[in-house]
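J.: All I have is the shape, not the residue letters:
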C-alpha cells in the first residue's frame, strides 16, 4: 500500500502489486491529479501514466527493434568463445549475451518502462500547468525508491517538494502512526481474500486520516503553521 496523509489537501491511498520506483512515481502522479484544480493538467498527467507505450506488449515491440539479428548474435557468441583475454567462462558469457537479447528480459522491460514514463511526463505543457497548482510538500523516509533519480525528476515536473527525514527516523513521520492504527484494526478483523483486506485497509485509512491528532504534535515540534 502507498498512502499520502494530507494536512491542507486530499489524502490518498492505493494498493500496489510491486514496491518500486515506477509504482511510486505512478502514485505521485495520481496524488497530483487528485489535488489539481486545472482539468487539462489532470487530463495530461492521466494520459501520460496510461500511455500505450507503457504496456508490456508495446515495450517488447520497441525492444525487438534493438535486438541483434541471428547473424549478429552468432558473431557475438563466437567473439566471446574465442576471446582469450576474457576472464569469464564460455558458458557464463553465452548465458549473459542471450539474456541481454531475450525479449522477455524483465529488467530490460522495466528499464524501458521507466524511460517511457519519464519521457511522457516531460511534456512542457504538464510542467507549465503544474507550476500554477498549489505546491505539494511530502515528508518521507530515505527508502531507495523515494530517492531514485526518476522520482526526483518527476517530482520537479509535478510541482511536488520531497522532504526527507533523517536516516533511521521513521518515528518522526506522522503517517507511521496511521499505519500502526490500521494494522491494529486489521489484526483484529477477519477477512477471506486479498481484495477484502485491501478494502478494509482503504476504508480504515479514509476513516481516520483526517484526524489532526496524527500530526498536530509533529507540526508543533517542527514549528509549522497551517
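T.: It's in. Quick caveat: nothing in here was measured; it's all calculated off a predicted structure.

J.: So for residue 108, what's the nearest residue that isn't a sequence neighbour?
T.: For residue 108, ignoring the flanking residues on the chain, the nearest one in space by C-beta to C-beta, 6 or more residues apart in numbering is residue 63 at 6.1 Å. The C-beta positions use only the backbone N, C-alpha and C, and glycine is treated the same way.

J.: And the one you found, how close does it get to residue 28?
T.: Look at residue 63 and residue 28: by C-beta to C-beta, to the nearest Å, they are 26 Å apart.

J.: Check the secondary structure at the most centrally placed residue in the chain for me.
T.: Centroid-nearest residue in the chain, with C-alpha atoms, centre = their mean: residue 24, separated by 2.0 Å. Using DSSP: H, G, I helix; E, B strand; the rest coil, the structure places residue 24 in helix.

J.: wait, isn't it in contact with residue 144?
T.: No - in this structure residue 24 lies outside contact range of residue 144 using C-beta atoms under 8 Å: 10.2 Å.

J.: of residue 63 and residue 28, who's got more company?
T.: In this view residue 63 and residue 28 are compared by other C-beta atoms under 10 Å, and residue 28 has more residues nearby, 25 against 18.

J.: Flag every buried residue along the helix or strand containing the more buried one.
T.: Element membership for residue 28 (DSSP states H and E) is helix 21-34. Residues 21, 22, 24, 25, 26, 27, 28, 29, 30, 31, 32, 33 are the ones in helix 21-34 that count as buried (16 or more other C-beta atoms under 10 Å).

J.: Ok, stretch 120-129 next?
T.: 120, 121, 126, 129.

J.: hey, which helix or strand in this protein has the poorest pLDDT?
T.: The weakest-scoring helix or strand in the chain, judged by mean pLDDT, DSSP states H and E, is helix 70-81 (a mean of 61).

J.: Sweet, I'm off.
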